[in-house]
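Enquirer: one predicted model, sequence on top.
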Amino acid sequence: MDRKGIIISLVFLFFSVFGLSAQPRAVGGRIGMTGLDASYQHIVGKRNFIQTDLSLDFGYAGSSAPGIKGTAMYNFVFATPAWTDKGSWALYAGPGLSLGYVEDRVTYRHGDYRSHYNAYGFMLSFVVNAGLEYTFEFPLQLSVDLRPYFGMHASNDITRKVDKSTEVILEEGKTAYYNNGWFGFVPTISVRYRF
């Protein structure tokens, strides 16, 4: 590439980054049935937004050691009802992906006998997000959303300590449906600072 092409590319990159940084953003947190999220939104175009969340996932029935997952979504704002004179409302929905190391309820079969364990492992899921948000006249945004996860969970081995130095593998890890993803149908509340 010649010098002119490099200069044109740099100018284009500068204005792209400048235009992206000039768009409204929101940062805050989400709290739901299975964990806590640090949440970031970035407006794309006139109304739609990208949302990324980093989560401490407490898993099924609140495990003592949280897992961690990251989620990225593209949300389409399909309605902005004028329900109040002050502030603004938005109804949105969109797809996304989630990846993490979390606990899930896993079913193992021993012949005709079935047992359930809570096991940690890697999770990869498709996400569907739908919500309602309200932005006050001052830079505060409140929202409630539903976010089910449809994917797989690759669990670790299930072990039991025999004594201080010996562990026995009860079941080897396996890949199965991510059961805790159904908790996404329980509403989650978010609070964000809009800037």
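Expert: Good, I have the coordinates.
Enquirer: what about the helices in the protein?
Expert: 3-21 (DSSP state H).
Enquirer: which intervals of it have sub-threshold pLDDT?
Expert: Applying pLDDT under 70 to the chain flags the ranges 1-23, 60-64, 109-111, 158-163, 166-171.
Enquirer: excluding its backbone neighbours, what's nearest the most centrally placed residue in it?
Expert: Centroid check for the chain by CA atoms, centre = their mean gives residue 71 as the closest residue, at 3.4 Å. Take residue 71 and drop its neighbours on the chain: the residue closest to it by CB to CB, 6 or more residues apart in numbering is residue 98, 4.1 Å away. Where you see a C-beta, it was placed from the backbone N, CA and C, and this is true even at glycine.
Enquirer: what separation do you get for that neighbour and residue 80?
Expert: 27 Å (CB to CB, to the nearest Å).
Enquirer: let me see the contact set for the residue nearest to the centre of the chain.
Expert: By CB atoms under 8 Å, 6 or more residues apart in numbering, the residues touching residue 71 are 37, 51, 52, 53, 55, 96, 97, 98, 127, 147.
Enquirer: what of residue 148?
Expert: Residue 148 touches 127, 128, 181, 182, 184, 185, counting by CB under 8 Å, 6+ apart.
Enquirer: just give the closest residue to it, not the sequence neighbours.
Expert: residue 184 (3.6 Å).
Enquirer: what count of nearby residues applies to that neighbour?
Expert: 22 (other CB atoms under 10 Å).
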